[in-house]
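Engineer: Fold the stuff below for me.
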Amino acid sequence: MKDEKSFGNTGLLQPAKVNYKTLEECSYDDPCIFSNIANEQEMSPYETKSETEQWTSKAITNRLAVIIILLLMVIQTIFGFLSSSLACITDVFRLSSDYLGQHRISEKNSASLRRLAYQPRRYVALGDFIDIKIRQLIHLIGNHGVSLIFVLEAIIINIQVNF
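Structural biologist: Modelled structure (predicted):
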């Protein structure tokens, strides 16, 4: 009898059989630093943390990241305008999106918000599967395509000689 975590037959050119519940359970069991997302308590996105929760090592690290991004953004803005560098000014806009994203996640990080932010990593397995299939196709054409060209040339030459 198969249990629910059985992934089915994964032979050549046969898709693995994975049910949705298995994907849901396996998506948070990896050694990723975000592995405790599903297990944390749900919190309203409009609530802020209490005073004791605001000064934990994780909160301090998040605030430090926000401060560093903000400082880099200010320094890069100043030097970008002084040197008239479009690349520096463009990078300031990218850093501002990093700043806003990190600030939003560090201040009001409910489990649902983090789940939305980190859920796309489920598609890593699908991306790997597609990548493997594309590499197999490239290998087939690359290695055996040259042989096919030589065989077709030999057939064409043989037809020209005989007729």
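
Engineer: residues near Ile89, how many?
Structural biologist: By the measure other Cβ atoms under 10 Å, the count of residues near Ile89 is 15. Any C-beta I mention is one placed from the backbone N, CA and C, and that applies to glycine too.

Engineer: Would you mind writing the CA trace of stretch 74-84 as CSV?
Structural biologist: Extracted in CSV, the C-alpha atoms of stretch 74-84 (Å, rounded to 0.1, in the frame of the first residue of the first chain):
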residue,chain,number,x,y,z
VAL,A,74,21.4,57.9,0.3
ILE,A,75,25.1,57.6,-0.5
GLN,A,76,24.4,56.3,-4.0
THR,A,77,21.9,59.2,-4.6
ILE,A,78,24.5,61.8,-3.6
PHE,A,79,27.3,60.3,-5.7
GLY,A,80,24.9,59.6,-8.6
PHE,A,81,23.9,63.2,-8.9
LEU,A,82,27.4,64.5,-8.4
SER,A,83,28.8,62.3,-11.2
SER,A,84,25.7,62.5,-13.4
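
Engineer: Name the SS class of the closest residue in space to Ser85 that isn't next to it in sequence, please.
Structural biologist: Using Cβ to Cβ, 6 or more residues apart in numbering and skipping residues adjacent in sequence, the residue nearest Ser85 is Phe79, 7.5 Å away. The assignment at Phe79 comes out as helix when based on DSSP: H, G, I helix; E, B strand; the rest coil.

Engineer: Count the neighbours of Phe79 for me.
Structural biologist: Applying other Cβ under 10 Å, we find 13 other residues in the vicinity of Phe79.

Engineer: cool, and Tyr99?
Structural biologist: Residues lying near Tyr99 (other Cβ under 10 Å) number 19.

Engineer: I'd say it and Ile67 touch.
Structural biologist: No - contact criterion Cβ atoms under 8 Å: Tyr99 and Ile67 do not qualify, at 9.7 Å.
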